[in-house]
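S.K.: only geometry, no sequence info:
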(Lines give C-alpha, C1' and ligand atoms only; values in the text may rest on other atoms or scores of the structure.)
Protein backbone atom coordinates (compact mmCIF):
# COMPACT_ATOMS: atom_id res chain seq x y z
CA UNK A 1 0.00 0.00 0.00
CA UNK A 2 2.75 2.30 0.99
CA UNK A 3 4.72 1.38 -2.18
CA UNK A 4 1.64 1.81 -4.21
CA UNK A 5 0.84 5.07 -2.50
CA UNK A 6 4.39 6.24 -3.01
CA UNK A 7 4.25 5.03 -6.56
CA UNK A 8 1.08 6.94 -7.15
CA UNK A 9 2.49 10.01 -5.46
CA UNK A 10 5.62 9.67 -7.52
CA UNK A 11 3.59 9.25 -10.67
CA UNK A 12 1.42 12.16 -9.75
CA UNK A 13 4.43 14.25 -8.89
CA UNK A 14 6.06 13.16 -12.06
CA UNK A 15 2.91 14.02 -13.88
CA UNK A 16 2.85 17.39 -12.14
CA UNK A 17 6.51 17.85 -12.90
CA UNK A 18 5.76 16.95 -16.47
CA UNK A 19 2.88 19.41 -16.47
CA UNK A 20 5.06 22.02 -14.88
CA UNK A 21 7.81 21.29 -17.34
CA UNK A 22 5.32 21.44 -20.12
CA UNK A 23 3.97 24.71 -18.79
CA UNK A 24 7.50 26.02 -18.45
CA UNK A 25 8.21 24.90 -21.96
CA UNK A 26 5.02 26.51 -23.20
CA UNK A 27 5.85 29.61 -21.20
CA UNK A 28 9.34 29.58 -22.58
CA UNK A 29 7.93 29.18 -26.07
CA UNK A 30 5.48 31.98 -25.42
CA UNK A 31 8.30 34.13 -24.05
CA UNK A 32 10.46 33.24 -27.00
CA UNK A 33 7.61 34.03 -29.35
CA UNK A 34 7.11 37.29 -27.56
CA UNK A 35 10.81 37.97 -27.74
CA UNK A 36 10.83 37.01 -31.42
CA UNK A 37 7.85 39.22 -31.99
CA UNK A 38 9.51 42.04 -30.06
CA UNK A 39 12.72 41.39 -31.98
CA UNK A 40 10.83 41.40 -35.27
CA UNK A 41 9.04 44.54 -34.16
CA UNK A 42 12.36 46.10 -33.28
CA UNK A 43 13.82 45.00 -36.61
CA UNK A 44 10.79 46.40 -38.43
CA UNK A 45 11.08 49.61 -36.47
CA UNK A 46 14.83 49.67 -37.13
CA UNK A 47 14.21 49.13 -40.82
CA UNK A 48 11.53 51.80 -40.77
CA UNK A 49 13.93 54.13 -39.00
CA UNK A 50 16.66 53.27 -41.51
CA UNK A 51 14.33 53.82 -44.44
CA UNK A 52 13.09 56.96 -42.78
CA UNK A 53 16.64 58.16 -42.33
CA UNK A 54 17.45 57.19 -45.91
CA UNK A 55 14.32 58.97 -47.18
CA UNK A 56 15.08 61.95 -44.94
CA UNK A 57 18.67 61.95 -46.20
CA UNK A 58 17.48 61.72 -49.79
CA UNK A 59 14.96 64.48 -49.17
CA UNK A 60 17.67 66.54 -47.51
CA UNK A 61 20.00 65.93 -50.43
CA UNK A 62 17.20 66.77 -52.86
CA UNK A 63 16.38 69.93 -50.91
CA UNK A 64 20.06 70.84 -50.80
CA UNK A 65 20.32 70.23 -54.56
CA UNK A 66 17.25 72.40 -55.13
CA UNK A 67 18.66 75.07 -52.83
CA UNK A 68 22.01 74.89 -54.61
CA UNK A 69 20.38 75.06 -58.03
CA UNK A 70 18.21 77.91 -56.88
CA UNK A 71 21.29 79.62 -55.47
CA UNK A 72 23.19 79.07 -58.70
CA UNK A 73 20.24 80.31 -60.72
CA UNK A 74 19.92 83.38 -58.54
CA UNK A 75 23.67 83.93 -58.64
CA UNK A 76 23.67 83.50 -62.42
CA UNK A 77 20.76 85.93 -62.67
CA UNK A 78 22.52 88.28 -60.26
CA UNK A 79 25.74 88.03 -62.27
CA UNK A 80 23.79 88.63 -65.46
CA UNK A 81 22.06 91.63 -63.91
CA UNK A 82 25.39 92.89 -62.59
CA UNK A 83 26.97 92.39 -66.01
CA UNK A 84 24.08 94.20 -67.68
CA UNK A 85 24.36 96.94 -65.08
CA UNK A 86 28.08 97.27 -65.77
CA UNK A 87 27.36 97.29 -69.51
CA UNK A 88 24.71 99.97 -69.02
CA UNK A 89 27.10 101.98 -66.86
CA UNK A 90 29.82 101.48 -69.47
CA UNK A 91 27.49 102.63 -72.24
CA UNK A 92 26.43 105.55 -70.05
CA UNK A 93 30.07 106.45 -69.41
CA UNK A 94 30.81 106.14 -73.12
CA UNK A 95 27.77 108.29 -73.92
CA UNK A 96 28.85 110.86 -71.32
CA UNK A 97 32.40 110.79 -72.67
CA UNK A 98 31.14 111.14 -76.23
CA UNK A 99 28.87 113.98 -75.13
CA UNK A 100 31.79 115.61 -73.33
CA UNK A 101 34.01 115.17 -76.38
CA UNK A 102 31.23 116.47 -78.61
CA UNK A 103 30.78 119.47 -76.31
CA UNK A 104 34.52 120.08 -76.34
CA UNK A 105 34.61 119.72 -80.11
CA UNK A 106 31.63 122.06 -80.36
CA UNK A 107 33.40 124.56 -78.14
CA UNK A 108 36.62 124.15 -80.14
CA UNK A 109 34.68 124.45 -83.40
CA UNK A 110 32.90 127.54 -82.10
CA UNK A 111 36.22 129.02 -80.96
CA UNK A 112 37.82 128.15 -84.29
CA UNK A 113 34.84 129.61 -86.10
CA UNK A 114 35.15 132.82 -84.11
CA UNK A 115 38.90 132.88 -84.74
CA UNK A 116 38.36 132.23 -88.45
CA UNK A 117 35.67 134.92 -88.56
CA UNK A 118 38.04 137.28 -86.78
CA UNK A 119 40.90 136.37 -89.12
CA UNK A 120 38.56 136.59 -92.11
CA UNK A 121 37.35 139.99 -90.93
CA UNK A 122 40.92 141.17 -90.48
CA UNK A 123 41.81 139.87 -93.95
CA UNK A 124 38.74 141.55 -95.43
CA UNK A 125 39.57 144.78 -93.65
CA UNK A 126 43.14 144.54 -94.92
CA UNK A 127 41.97 143.77 -98.46
CA UNK A 128 39.41 146.57 -98.35
CA UNK A 129 42.12 148.92 -97.16
CA UNK A 130 44.36 147.60 -99.95
CA UNK A 131 41.52 148.36 -102.35
CA UNK A 132 41.47 151.95 -101.09
CA UNK A 133 45.22 152.16 -101.68
CA UNK A 134 44.87 150.64 -105.14
CA UNK A 135 42.01 152.98 -105.99
CA UNK A 136 44.28 155.86 -104.97
CA UNK A 137 46.72 154.99 -107.78
CA UNK A 138 43.94 154.73 -110.36
CA UNK A 139 43.08 157.97 -112.15
CA UNK A 140 39.89 159.69 -111.01
CA UNK A 141 36.86 160.07 -113.25
CA UNK A 142 37.43 163.83 -113.44
CA UNK A 143 41.05 163.38 -114.53
CA UNK A 144 39.99 160.91 -117.23
CA UNK A 145 37.19 163.20 -118.38
CA UNK A 146 39.54 166.15 -118.69
CA UNK A 147 42.15 164.14 -120.55
CA UNK A 148 39.83 162.17 -122.85
CA UNK A 149 36.45 163.62 -123.72
CA UNK A 150 34.78 160.66 -125.44
CA UNK A 151 35.77 157.74 -123.28
CA UNK A 152 34.55 155.06 -120.95
CA UNK A 153 36.25 152.71 -118.49
CA UNK A 154 35.21 149.09 -118.05
CA UNK A 155 36.95 147.87 -114.89
CA UNK A 156 35.50 144.72 -113.27
CA UNK A 157 38.14 143.05 -111.07
CA UNK A 158 37.66 139.38 -110.27
CA UNK A 159 38.46 139.93 -106.58
CA UNK A 160 38.26 142.95 -104.31
CA UNK A 161 41.71 143.94 -105.47
CA UNK A 162 43.22 142.90 -108.77
CA UNK A 163 46.37 142.89 -110.85
CA UNK A 164 44.67 144.81 -113.68
CA UNK A 165 44.82 148.58 -113.67
CA UNK A 166 44.37 151.49 -116.01
CA UNK A 167 46.64 154.52 -116.14
CA UNK A 168 46.18 158.09 -117.49
CA UNK A 169 48.61 161.06 -117.48
CA UNK A 170 48.35 164.43 -119.26
CA UNK A 171 51.65 166.24 -119.86
CA UNK A 172 52.16 169.30 -122.14
CA UNK A 173 49.38 168.60 -124.58
CA UNK A 174 50.05 164.88 -124.69
CA UNK A 175 47.70 162.37 -123.08
CA UNK A 176 49.12 159.02 -122.03
CA UNK A 177 46.66 156.23 -121.29
CA UNK A 178 47.20 152.52 -120.78
CA UNK A 179 45.49 149.29 -119.81
CA UNK A 180 47.75 146.85 -117.97
CA UNK A 181 47.47 143.26 -116.77
CA UNK A 182 50.02 142.41 -114.06
CA UNK A 183 51.13 138.91 -113.13
CA UNK A 184 49.09 137.31 -110.35
CA UNK A 185 45.68 138.23 -109.10
CA UNK A 186 44.15 139.34 -105.84
CA UNK A 187 46.50 140.88 -103.31
CA UNK A 188 49.76 139.75 -105.03
CA UNK A 189 48.54 141.15 -108.34
CA UNK A 190 47.50 144.39 -106.62
CA UNK A 191 51.00 144.77 -105.12
CA UNK A 192 52.58 144.24 -108.54
CA UNK A 193 50.14 146.75 -110.07
CA UNK A 194 51.28 149.42 -107.58
CA UNK A 195 54.93 148.79 -108.48
CA UNK A 196 54.13 148.86 -112.22
CA UNK A 197 52.02 152.02 -111.95
CA UNK A 198 54.80 153.75 -110.00
CA UNK A 199 57.31 152.69 -112.67
CA UNK A 200 55.14 154.27 -115.40
CA UNK A 201 54.85 157.47 -113.39
CA UNK A 202 58.62 157.66 -112.93
CA UNK A 203 59.23 157.00 -116.63
CA UNK A 204 57.16 160.01 -117.77
CA UNK A 205 57.62 162.36 -114.82
CA UNK A 206 61.13 161.69 -113.54
CA UNK A 207 62.85 160.68 -116.80
CA UNK A 208 60.65 162.88 -119.06
CA UNK A 209 60.22 160.21 -121.71
CA UNK A 210 57.77 160.92 -124.52
CA UNK A 211 57.55 157.95 -126.86
CA UNK A 212 55.47 154.98 -125.64
CA UNK A 213 58.17 152.50 -126.63
CA UNK A 214 60.80 154.37 -124.63
CA UNK A 215 58.42 154.62 -121.69
CA UNK A 216 57.84 150.85 -121.69
CA UNK A 217 61.58 150.12 -122.00
CA UNK A 218 62.32 152.38 -119.06
CA UNK A 219 59.45 150.87 -117.11
CA UNK A 220 60.97 147.43 -117.69
CA UNK A 221 64.33 148.66 -116.38
CA UNK A 222 62.66 150.16 -113.30
CA UNK A 223 60.77 146.93 -112.60
CA UNK A 224 63.94 144.87 -112.89
CA UNK A 225 65.69 147.32 -110.59
CA UNK A 226 62.85 147.04 -108.05
CA UNK A 227 62.68 143.25 -108.06
CA UNK A 228 66.41 142.53 -108.32
CA UNK A 229 66.88 143.67 -104.72
CA UNK A 230 65.15 140.47 -103.55
CA UNK A 231 67.17 137.30 -102.92
CA UNK A 232 64.38 135.27 -104.52
CA UNK A 233 63.91 134.78 -108.24
CA UNK A 234 60.97 137.12 -108.91
CA UNK A 235 59.48 137.00 -112.39
CA UNK A 236 56.77 139.60 -112.11
CA UNK A 237 55.74 142.21 -114.62
CA UNK A 238 52.79 143.19 -116.76
CA UNK A 239 51.19 143.00 -120.17
CA UNK A 240 50.31 146.50 -121.28
CA UNK A 241 48.89 148.55 -124.11
CA UNK A 242 50.19 152.15 -123.92
CA UNK A 243 48.96 154.99 -126.13
CA UNK A 244 50.10 158.59 -126.44
CA UNK A 245 47.65 161.12 -127.94
CA UNK A 246 49.33 164.30 -129.13
CA UNK A 247 46.55 166.86 -129.34
CA UNK A 248 48.70 169.51 -131.05
CA UNK A 249 49.77 167.24 -133.89
CA UNK A 250 46.54 165.22 -133.77
CA UNK A 251 48.56 162.02 -133.78
CA UNK A 252 48.53 158.93 -131.62
CA UNK A 253 51.44 156.58 -131.04
CA UNK A 254 51.25 153.11 -129.49
CA UNK A 255 53.51 150.59 -127.83
CA UNK A 256 52.42 147.27 -126.37
CA UNK A 257 53.75 144.33 -124.42
CA UNK A 258 51.72 141.23 -125.32
CA UNK A 259 48.65 143.48 -125.76
CA UNK A 260 47.65 144.70 -129.26
CA UNK A 261 45.86 147.87 -130.36
CA UNK A 262 42.49 147.63 -132.09
CA UNK A 263 41.32 150.56 -134.26
CA UNK A 264 37.60 150.82 -134.99
CA UNK A 265 36.70 153.22 -137.84
CA UNK A 266 33.53 155.17 -138.35
CA UNK A 267 32.33 153.36 -141.46
CA UNK A 268 32.02 150.13 -139.52
CA UNK A 269 29.21 151.54 -137.35
CA UNK A 270 27.63 154.15 -139.61
CA UNK A 271 27.94 157.90 -139.91
CA UNK A 272 26.72 158.59 -136.37
CA UNK A 273 29.80 157.01 -134.83
CA UNK A 274 32.66 159.32 -133.93
CA UNK A 275 35.91 157.41 -134.31
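M.R.: Yep, that arrived. Quantities reported herein were computed from a predicted structural model and do not represent experimental measurements.
S.K.: can you tell me which residues contact residue 163?
M.R.: Counting by Cβ atoms under 8 Å, 6 or more residues apart in numbering, residue 163 touches 181, 182, 183, 184, 185, 186, 188, 189, 190, 192, 193, 238. No exception for glycine: its C-beta is placed from N, CA and C like everyone else's.
S.K.: now the nearest residue to the fifth one once chain neighbours are set aside: phi and psi?
M.R.: Looking back up the chat, that one is residue 185. With Cβ to Cβ, 6 or more residues apart in numbering as the criterion, residue 185 has its nearest non-adjacent residue at 5.2 Å, and that residue is residue 163. Note on residue 163: its backbone torsions stand at phi -90, psi -10 [degrees, to the nearest 10].
S.K.: for whatever helix or strand residue 72 lives in, packing partners?
M.R.: Residue 72 belongs to helix 2-137 when assigned by DSSP states H and E. Other helices and strands packing on helix 2-137, by 3 or more Cβ pairs under 8 Å, 6 or more residues apart in numbering; DSSP states H and E, are helix 186-201.
S.K.: flag every buried residue along the helix it packs on.
M.R.: Using 16 or more other Cβ atoms under 10 Å as the test for burial, helix 186-201 gives 186-187, 189-197, 199-200.
S.K.: same thing with stretch 157-165?
M.R.: By neighbour count on 16+ other Cβ under 10 Å, the buried set for stretch 157-165 is 157, 161, 162, 163, 164, 165.
S.K.: report pLDDT for the fourth one.
M.R.: What that stands for is residue 163. At residue 163, the model reports a pLDDT of 83.
S.K.: likewise residue 45?
M.R.: Model confidence at residue 45 (pLDDT) stands at 82.
S.K.: what of residue 215?
M.R.: The model reports residue 215 with a pLDDT of 94.
S.K.: for the one 10 residues further on, same thing?
M.R.: Residue 225 is assigned 86 on the pLDDT scale.
S.K.: quick one: it is in a helix?
M.R.: Yes - counting by DSSP: H, G, I helix; E, B strand; the rest coil, residue 225 is part of a helix.
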